[in-house]
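J.: Quick one: sequence and predicted model below, then my questions.
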Number of protein chains: 2
Amino acid sequence: MAKDAPAQPPRTITSADVARLAGVSRATVSFVLNDTQAHRVSESTRARVLTAANQLGYVPHAAARSLRAGRSNLVLMPSSVSAIGRLVSDWVDDLHSELDRRGYTVVLHAGRFPDAVTAARAWAELRPAAVFALSEDSFTPEAADLLQRAGIRGLLAFAARPLAGAHTIAFDHADIGAAAAEHLVARGRRRIAVLMPQERGLSAFSEPRLAGARRIAASSTATVTAVEVSYTQDSVAQLAERWPELGLDAVFAYNDEYAALLMHAFQNAGISVPEDVAVVGADDLVLASLQRPPLTSIRLNLPGPGVIAETLQQLIEHGTAEPVDPVDVTLIHRASS
Amino acid sequence: MAKDAPAQPPRTITSADVARLAGVSRATVSFVLNDTQAHRVSESTRARVLTAANQLGYVPHAAARSLRAGRSNLVLMPSSVSAIGRLVSDWVDDLHSELDRRGYTVVLHAGRFPDAVTAARAWAELRPAAVFALSEDSFTPEAADLLQRAGIRGLLAFAARPLAGAHTIAFDHADIGAAAAEHLVARGRRRIAVLMPQERGLSAFSEPRLAGARRIAASSTATVTAVEVSYTQDSVAQLAERWPELGLDAVFAYNDEYAALLMHAFQNAGISVPEDVAVVGADDLVLASLQRPPLTSIRLNLPGPGVIAETLQQLIEHGTAEPVDPVDVTLIHRASS
């Protein structure tokens, strides 16, 4: 081989290689490395196996270990990165740190599936100890049943109503739309637009927000109009252009990022906030108070990441957990409405 | 049991249950469900196993299957959600869709580890088909070796220099800092601040950006000063307050989000952009052109998600892949500098 030919990648090392080097059976290697039935193995054999594994750089297979030991340290969160958004991304990072500290590994599973059972089957194949879902769509009764039959004890979700077979933290996104609409009606607005982002993964949140706004409108003289937008300057510029003909005097803009984008388009189109149109965002991000005028927003009071981590650990270890306080929302009034 | 007592969760179903119901051995169940050595099993036995598995709602174990079949469909990305940021989050989502379409599942692994080898061991335990890292820290030679010995063929990373044992896409974050500094020097600025975010996971990117700016300063009469900030209004307000005593006339603000936050604090403190201080961001997000004045930014020309997916698939299937064009950067000049 020429001196500067690319190095061959090292050969894959399996437990059979460890067994051969240690002069024991594969079953013995498995007993030692997966910490199961270790009593069946003498100290000297155990030491021989560990030395061989170390020498070969063999890493045991987490899933094989969990299969044999009956436990896994994986917590799976079904979500795309962008659906998490800026508010929740710090919260999710903190949750990951909390679980890390407790010996669990969090993976975000971004796969998209035609239905909840197909999704549950894909998650179950990874044999996590827990699945934590940010929206209630993940756990239909059939999906929860499938996950439990695969031995996954920690099923936790934010959901508007208690879910069969999963631990539920009450969080109704309708409350967000309702808080926005209630405030706009109290400010004298009557024709309220609700932005519906077309970005994927968001309809699980935008649909109940719209429903919440509609509920408030139904008990007043206000109307609610759903308006589709994408998170691009073109899309909001087009909306600002046809705004006058829509005859609307307020908008609940899904969240602060869409609100900031829309307010900029309004400004370019000569539409005044709040004179011509009142704007309300959600999440109460840092950028809400940076807007001109500063943006009214809805703050979500999520449970602390430590509470979520503790609940997941209780579910994994005992199959049950203490109830978690519902997520409530607070409207932060600023000059945009 | 009282009628409204909580339902017991279903018992965990294992391949032993399937074997018992089908009247075959566990090995036979494994052959059928993991699609290995299926020729050893008659059609009628095969049908019996599938019926039993279906009846019990048994999901095969992906890792056990990959162990036996010698392949896995998992692609692991080591990263925290917030380190991905808004620019890359859409790109990562698109990559996930591309890989989904090709039959792979992407998981984001958010665990934090004391060193690269410990991290690699944790990833290897999941036996992914590939690991795709956004920064070069993940693949030290020892870590790459460990992953390869675990049979993981698809090691791909963005890195400033070719990495031993991994496929590298050239991306030097120093280019971003250099482009910003070059522009600021050309605009007559001489005392350049470079923001260093204190949020976790970002130093892998901020350190080389700073080094790139320093390199440009070294070949001119300009100086570069590293300035630590956090992504909070308090932190940037404090910076704006002591800004006059720092005697600086320009800032490269790490990215557009930090730039927007800082420009707002400058405005509150009566510091004019670009008269008193020129500001440059990075990522060229939608919000860059929404700023007042509009924000100069550095656009990153990342390879298309289809290219990354194709490269990962080639690495997984053949152990090698075509080279990918380096990531280059373009400065978009606007009124903030």
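T.: Looks like it arrived, so ask away.

J.: Stretch A:281-289 near chain B anywhere?
T.: Yes: judged by C-beta under 8 Å from any C-beta of the partner chain, stretch A:281-289 and chain B are in contact via A:V286, A:L287, A:S289. Quick note: C-beta positions are derived from backbone N, CA and C, even for glycine.

J.: Of those, just say which sits nearest to chain B.
T.: Nearest to chain B, judged by C-beta to the nearest C-beta, of the residues of stretch A:281-289 next to chain B is A:V286 at 6.0 Å.

J.: Compute the number of surrounding residues for that closest one.
T.: Neighbourhood size, A:V286 [other C-beta atoms under 10 Å in any protein chain shown]: 18.

J.: A:I176 too?
T.: Counted with other C-beta under 10 Å, the neighbours of A:I176 add up to 28.

J.: Quick check: residues of the stretch 151-300 of chain A near chain B?
T.: Proximity of the stretch 151-300 of chain A to chain B is confined to A:151, A:153, A:164-165, A:200, A:231-233, A:260-261, A:264, A:286-287, A:289-290, A:292 under the rule C-beta under 8 Å from any C-beta.

J.: low pLDDT regions in the stretch 101-250 of chain A?
T.: Judged by pLDDT under 70, the stretch 101-250 of chain A has no weakly predicted residues.

J.: quick one: the helices in it?
T.: Under the criterion DSSP state H, counting those that start in this stretch, the stretch 101-250 of chain A contains helices at A:116-125, A:141-149, A:174-186, A:203-218, A:233-246.

J.: which one of the ones you listed is the most hemmed in?
T.: A comparison of those by mean neighbour count, using mean count of other C-beta atoms under 10 Å in any protein chain shown, puts helix A:174-186 on top with a mean of 23.

J.: Residues contacting that one, please?
T.: Residues outside helix A:174-186 that contact it (C-beta atoms under 8 Å, 6 or more residues apart in numbering or on different chains): A:160, A:192, A:194, A:208-217, A:220, A:222, A:224, A:250, A:252, A:278, A:280, A:282, A:296, A:298, A:300, A:328-331, A:333, A:337.

J.: Of all the helices of the stretch 101-250 of chain A, which one is nearest A:V24?
T.: Checking the helices of the stretch 101-250 of chain A against A:V24 by C-beta to C-beta gives helix A:116-125 as the closest, at 30.3 Å.

J.: Does A:L76 belong to a helix, a strand or coil?
T.: strand (DSSP: H, G, I helix; E, B strand; the rest coil).

J.: so what's it up against?
T.: A:V106, A:V107, A:H109, A:W123, A:L126, A:P128, A:A130, A:V131, A:F132, B:V107.

J.: now A:V75
T.: Contact analysis of A:V75 by C-beta under 8 Å, 6+ apart lists A:L99, A:Y104, A:T105, A:V106, A:V107, A:P128, A:A129, A:A130, A:V131, A:F132, A:G154, A:L312.

J.: Please list only the buried members of those residues.
T.: Buried members of these, counted by 16 or more other C-beta atoms under 10 Å in any protein chain shown: A:L99, A:Y104, A:T105, A:V106, A:V107, A:P128, A:A129, A:A130, A:V131, A:F132, A:G154, A:L312.

J.: and of these, the nearest to chain B?
T.: Of these, the one sitting nearest to chain B (C-beta to the nearest C-beta) turns out to be A:V107, at 4.0 Å.

J.: can you list the residues of stretch A:281-289 next to chain B in TSV and add pLDDT?
T.: Formatted as TSV, those follow (pLDDT from 0 to 100):
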residue	pLDDT
A:V286	83
A:L287	85
A:S289	88
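
J.: For B:R26, state which of these is nearest.
T.: Nearest to B:R26 among these: A:V286, at 55.6 Å, using C-beta to C-beta.

J.: contacting residues around the closest one?
T.: Listed by C-beta under 8 Å, 6+ apart, the contact set of A:V286 reads B:Y231, B:T232, B:Q233, B:L261.

J.: If anything else comes up later, I'll come back, but that's it for now.
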